[in-house]
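Trainee: Got a sequence here, can you build the structure:
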Amino acid sequence: MTKGDQLYKGERPSFNLAKLKLGGENFEIVVDADKAIDYKNGKQVEIRDVLQSEKIFSDAQKGMLASEHLLEKLFNTSDPAEVAKQIIKKGEIQLTAEYRERLREEKKRKIIHLIQRNGIDPRTELPHPPQRIENAIAEAKVRIDEHKRAEDQVQDVLKKIRTVLPIKFEVREIQVHITAKYAAKSYSLLKNYGTLLKDAWQNDGSLISVIELPAGMQQDFVSELSSLTHGEVEIKVLKAK
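Mentor: You can find the predicted model right below:
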């Protein structure tokens, strides 16, 4: 007996489905949601790892199996794995409420990270703490869409939370002059934090670089660079845009 075969005992089971209506008939399979979404998006996933039960249903909630005659007629096969591939690719993935809530929470965390990384409080010129951004999302009653990428929702979330939280997105060009003692050691940090617009090695072995990075990252960048160089660095903001 497979893991999925045990889901149909008891009343109103809750599980993730992939569904397809074909020839006026319903076909459903019970799936691992993460793997089904990956498979539908073309990632390399074994179909048998996607399936929670190697059965094709006409109504999974009631445990009603689809007839092999219909499978042969409409899918040209009764092999559950081959039928499942078509159902996932051509149909829709129906998620449980618990799974949708988990997706929304994951997207919200990523949106909060993106806002903190790129935005600052215009009153203090410092990034907002994550909890403050989360509180603003709740206060503004922002609904996170579990189906959309976090990156695609940031601007809409920003527009709504600005009614309760002052925030602006800004990119800054920062010039750093690092002494010869720490120049080579600091170079990888510069590249990891942002886009290097200029790096000029001086005759004395010191390094002058201009880096472009989101305003919300400036505080961490300055702190880490100052720690790495033991303060032997000059830092100047050239412009903000």
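
Trainee: and K19, how far is that from A66?
Mentor: According to C-beta to C-beta, to the nearest Å, K19 stands 12 Å off from A66. Every residue, glycine included, has its C-beta placed from N, CA and C.

Trainee: neighbour-wise, which of those two wins?
Mentor: Using other C-beta atoms under 10 Å as the criterion, K19 and A66 rank with A66 on top: 22 against 16.

Trainee: Backbone torsions only: list them for the more buried one.
Mentor: Torsion angles at A66 (phi, psi; degrees, to the nearest 10) stand at phi -80, psi 150.

Trainee: Isn't it up against A60?
Mentor: No: when contacts are counted by C-beta atoms under 8 Å, A66 is not listed as touching A60 (10.0 Å).

Trainee: Can you verify E82 is assigned to a strand?
Mentor: No: secondary structure of E82 (DSSP: H, G, I helix; E, B strand; the rest coil): helix, not part of a strand.

Trainee: Could you double-check that it sits in contact with F75?
Mentor: Yes: with contact defined as C-beta under 8 Å, E82 reaches F75; the gap is 7.1 Å.

Trainee: which of these two has more neighbours?
Mentor: With neighbours defined as other C-beta under 10 Å, E82 and F75 compare such that F75 has more, 21 against 13.

Trainee: per-residue pLDDT, the more buried one?
Mentor: For F75, the model assigns a pLDDT of 96.

Trainee: again with the one 4 residues further on
Mentor: Looking at D79, its pLDDT is 95.

Trainee: Now for it, how many residues are close by?
Mentor: By other C-beta under 10 Å, 14 other residues sit near D79.
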